[in-house]
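return a 3D structure for these sequence lines:
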Amino acid sequence: MYKTVKPLLNTRLRPIETKDFAFIRSLAAEFSMFTVPSEYILWFVSHFHPDFCRVLEHRSGDLKGYMLAMPTSDPQYGIAIWQVAAAQPNHAFALEYFAAYLRGLTERIGTTSISFTAAQDAATLRLIRSLAKQFFNCEVAERNSVPVGQGEYEFRLSLSN
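Here you go, the predicted model:
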């Protein structure tokens, strides 16, 4: 049985719009390991992959987080997550919300794997493993260090839909 995330604090996930670009760029700049995406890149990924690029929005219109991802051809039927970020103190809640959304998306489109990069520290690994178990009922496979990353490693969740 998969964990569900109930709407909290009147929030929703929605496709990214042009008006969200400043928020995304500003939040990305707060993370030393993130690349701040240009407005063109944000337009491109949100225009061509709207199901994979989302913002977490409070009913008031305040944005709390974002996810930038895209489908992959290698592996076929995969999803690559480029960035997931949330403003404090919403970080843990936002990650659960995005994980629940991804679970629904994977079931709808027949995704076989989710790939992403992350730091390899103990707290990050605990969180990744917990989310993988709660939302996808799978283990996290560590792949390789990212050659041009800043201490990041590639991880993959192999899904059985």
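
I'd like to know which elements the helix or strand containing residue 96 is packed against.
Under the criterion of DSSP states H and E, residue 96 resides in helix 91-109. Helix 91-109 sits against strand 11-15, strand 54-58, strand 63-73, strand 76-86, helix 122-136, with contacts defined as 3 or more Cβ pairs under 8 Å, 6 or more residues apart in numbering; DSSP states H and E. Glycine gets a C-beta too; all of them are placed from N, C-alpha and C.

of all those, which one is nearest residue 151?
The closest of these to residue 151 is helix 122-136. By Cβ to Cβ, the value is 10.8 Å.

one step back: got the contact list for the helix holding residue 96?
Residues outside helix 91-109 that contact it (Cβ atoms under 8 Å, 6 or more residues apart in numbering) are 2-5, 8, 11, 13, 51-52, 54, 56, 64-65, 67, 69, 71, 77, 79, 81, 84-86, 111, 114, 127, 131, 134-136, 159, 161.

of these, buried ones?
Buried members of the contacts of helix 91-109, scored by 16 or more other Cβ atoms under 10 Å, are 5, 11, 13, 52, 54, 56, 64-65, 67, 69, 71, 79, 81, 84-86, 111, 114, 127, 131, 134-136, 159.

give me the phi and psi angles of residue 120.
phi -100, psi 20 (degrees, to the nearest 10).

give me the nearest residue to it, chain neighbours excluded.
Using Cβ to Cβ, 6 or more residues apart in numbering and skipping the chain neighbours, the partner closest in space to residue 120 is residue 153 (4.9 Å).

and the one you found, what are its bridge partners?
residue 118, residue 145 (DSSP bridges).

I'd say it and residue 115 touch.
No - in this structure, residue 153 is not within contact of residue 115 by Cβ atoms under 8 Å, at 11.3 Å.
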